[in-house]
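Asks: model this:
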Amino acid sequence: MDFDGGNKRVYNRLGGSTGGGDSRNQKVCFQWQAGKCNRYPCPFLHSELPTSNGNGAPSKRPYADNNSGFSGNRRGGGSSFNTWGPGRGGGRGRGGGRGAVGSGGRGVVNVEKVCTYWIQGTCSYGDRCKFLHSWSLGDGFSLLTQLEGHKKVVSGIAMPSGSDKLYTGSTDETVRAWDCQSGQCIAVINLGGEVGCMISEGPWLFVGIPNFVKAWNTQNSTEISLDGPVGQVYALVVINDMLFAGTQDGAILLWRFNVAANCFEPAASLKGHTRGVVSLVVGANRLYSGSMDNTIRVWNIETLQCLQTLTEHTSVVMSVLCWDQFLISCSLDKTVKVWFATETGNLEVTYTHPEEHGILTLCGMHDSHGKPILMCSCNDNTVRLYDLPSFAERGKIFNKQEVRAIQTGPGSIFFTGDGTGQVRVWNWIPEPAANSTQ
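Replies: Residues are numbered from 1 along each chain as shown. Purely as a prediction, here's the structure:
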């Protein structure tokens, strides 16, 4: 589980560097135009190449903006919000096709289902099996290792800055620490309550449990217990010296860090949501909160006032994410919505991406070529991976149960944690070589 091959660790939440000038990305696949491309992923475009962005300037591929990033950059103009979603011709299509041509004589493989006998190690068909013998579909990433130990749902994954340990939290009421070199569990912390969420900021590790937030400084072993929450703490986020916690009763509690006293002091309680707050993210001096009341609230971080309530989702808003000047949200209503600020400053939906199942959590990072990727965990036990802003499919991860936690790591590493208690470590890899002409 040596994440960086022995090199110096770089704790870069965006993962990878920008770049990627492959001319193939500017060519339209003629086999796709003929309706018979079966490569997944295909190195060529599965949409007509646009000629301009509507302002007379040349259009750029989705990943060409070197300034784009997750977790909230600027919130002002620049990008055209008409570029979201598949281009003319429908992009790569939903699900990448129901079948894929396998190698070694396997013929047509059902890409929607993992072989249950293969999972148990008893499949007798081998390469002739019509179901997948893999936990993932797509060539841009690979599984590095699996971490076993938790007995219930993995609800949080964190890697504090400067630490050589990975921390995972679970509804089995424990936090586990894993050595990043050996992949071994080196500590189990019993908390006496289900872990609802977990984040890290600098050397600090924050864990939400019923009625408390636990804070540990992984460098000097300082431990702090913050009371005040009513019920389970579902979401945590840190900005500057402020810690926000979303709670079961609909409140968002705020603590400020007192450097002199080396402690967190209660500062405010943001009221407005009528049910539990399950997701928080900060971007452009705004706090965005997703709730079980089906709404997203936008808060001014300086005044702590609610600026806008977004009501377009029809079920629980499970996760919110900032990317560039956009807010991205997902819900159990089976949609991902992309929000953009109008001239008045209010957010409006500029694109809605439908899924066949409810969506549980979102995570964003860059692949090994610097292309922005959105990862969507669905309640059919899969994680779908999409290019931004086109939502062209990049791959799929299969799991025994729902994935409730996705977290980026150093470089091109990312982690997933599912309902069985299993944590998987993944790595973005360079796309396989292919001929530059067809």
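Asks: Touching, Gly419 and Lys400? I think so.
Replies: Yes. Contact criterion Cβ atoms under 8 Å: Gly419 and Lys400 qualify, at 7.4 Å. The way it works is simple: take the backbone N, C-alpha and C, and place the C-beta from them, glycine included.
Asks: Please identify which of those two sits among more neighbours.
Replies: Using other Cβ atoms under 10 Å as the criterion, Gly419 and Lys400 rank with Gly419 on top: 18 against 14.
Asks: Show me where the stretch 51-200 of the chain has its helices.
Replies: Secondary structure of the stretch 51-200 of the chain (DSSP state H, counting those that start in this stretch): helices at 116-119.
Asks: Now do the nearest residue to Leu304 once chain neighbours are set aside against Gly121, distance only.
Replies: Spatial nearest neighbour of Leu304, chain neighbours left out: Ala268 (5.5 Å); criterion: Cβ to Cβ, 6 or more residues apart in numbering. Remark: distance between Ala268 and Gly121 (Cβ to Cβ, to the nearest Å) = 54 Å.
Asks: More neighbours: which of these two?
Replies: Here Ala268 and Gly121 are compared on neighbour count by other Cβ under 10 Å; more neighbours surround Ala268, at 14 against 6.
Asks: Tell me if the more buried one really is in a strand.
Replies: Yes. Under DSSP: H, G, I helix; E, B strand; the rest coil, Ala268 sits within a strand.
Asks: Have a look at the chain and report the helix or strand with the lowest mean pLDDT.
Replies: In the chain, no helix or strand scores lower on mean pLDDT, DSSP states H and E than strand 99-101, which sits at a mean of 36.
Asks: what about the protein, any weak spots by pLDDT?
Replies: Across the chain, residues meeting the criterion (pLDDT under 70) sit at 1-68, 71-82, 87-111, 431-438.
Asks: go again using 80 as the cut-off
Replies: Applying pLDDT under 80 to the chain flags the ranges 1-83, 87-112, 116-121, 127-128, 133-134, 139, 161-162, 430-438.
Asks: Burial check on Gly358, number of neighbours?
Replies: Using other Cβ under 10 Å, Gly358 is surrounded by 19 other residues.
Asks: pretty sure it is in contact with Asn379, am I right?
Replies: Yes. Using Cβ under 8 Å, Gly358 and Asn379 qualify as a contacting pair, with a distance of 4.6 Å.
Asks: how much space between Lys371 and Pro389?
Replies: 11 Å.
Asks: What of Arg286?
Replies: Distance of Arg286 to Pro389, given as Cβ to Cβ: 20 Å.
Asks: Please say which of these two ends up with more neighbours.
Replies: Legend: neighbour count by other Cβ under 10 Å for Arg286 and Pro389, higher for Pro389 (26 against 20).
Asks: ok, and the closest non-adjacent residue to Asp293?
Replies: Counting by Cβ to Cβ, 6+ apart, Arg275 is the residue found nearest to Asp293 once chain neighbours are left out, at 4.2 Å.
Asks: OK, contacts around that neighbour?
Replies: Taking Cβ atoms under 8 Å, 6 or more residues apart in numbering as the criterion, Arg275 is in contact with Gly250, Ser291, Met292, Asp293.
Asks: Ramachandran angles for it?
Replies: The phi and psi torsions at Arg275 (degrees, to the nearest 10) take the values phi -140, psi -180.
Asks: what touches both of Gly358 and Asn379?
Replies: Shared contacts of Gly358 and Asn379, counting by Cβ under 8 Å, 6+ apart, come down to Leu332.
Asks: check which helix or strand covers Leu360.
Replies: If you go by DSSP states H and E, Leu360 is part of strand 359-366.
Asks: mind saving the C-alpha coords of that strand as CSV?
Replies: What follows is strand 359-366, C-alpha atoms only, in CSV (Å, rounded to 0.1, in the frame of the first residue of the first chain):
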residue,chain,number,x,y,z
ILE,A,359,-27.2,8.9,-5.8
LEU,A,360,-25.5,8.7,-2.4
THR,A,361,-22.3,10.8,-2.6
LEU,A,362,-20.1,12.7,-5.0
CYS,A,363,-16.3,13.2,-5.2
GLY,A,364,-14.2,15.0,-7.7
MET,A,365,-10.6,14.8,-8.8
HIS,A,366,-8.3,14.8,-11.8
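Asks: Parallel or antiparallel, list what pairs with that strand.
Replies: Paired strands of strand 359-366, with direction, are strand 372-378 (antiparallel) (DSSP bridges).
Asks: Which residue is the nearest non-sequential neighbour of the residue positioned nearest the centre of the chain?
Replies: Residue closest to the mean C-alpha point of the chain, counted by Cα atoms, centre = their mean, is Cys363 at 1.1 Å. Distance criterion Cβ to Cβ, 6+ apart; nearest residue to Cys363, sequence neighbours excluded, is Ile406 at 3.8 Å.
Asks: Next: Leu144.
Replies: Distances taken as Cβ to Cβ, 6+ apart place Val425 nearest to Leu144, at 4.4 Å, with adjacent residues excluded.
Asks: Please confirm that the one you found is located within a strand.
Replies: Yes. The assignment for Val425 by three-state DSSP puts it in a strand.
Asks: If it is in a bridge, with which residues?
Replies: According to DSSP bridges, the partner residues bridging Val425 are Thr145, Phe415.
Asks: Phi, psi for the closest residue to Val154 other than its chain neighbours please.
Replies: Computed as Cβ to Cβ, 6+ apart, the closest residue to Val154 that is not its neighbour in sequence is Gly417, at 2.6 Å. The phi/psi pair for Gly417 (degrees, to the nearest 10) reads phi -130, psi 130.
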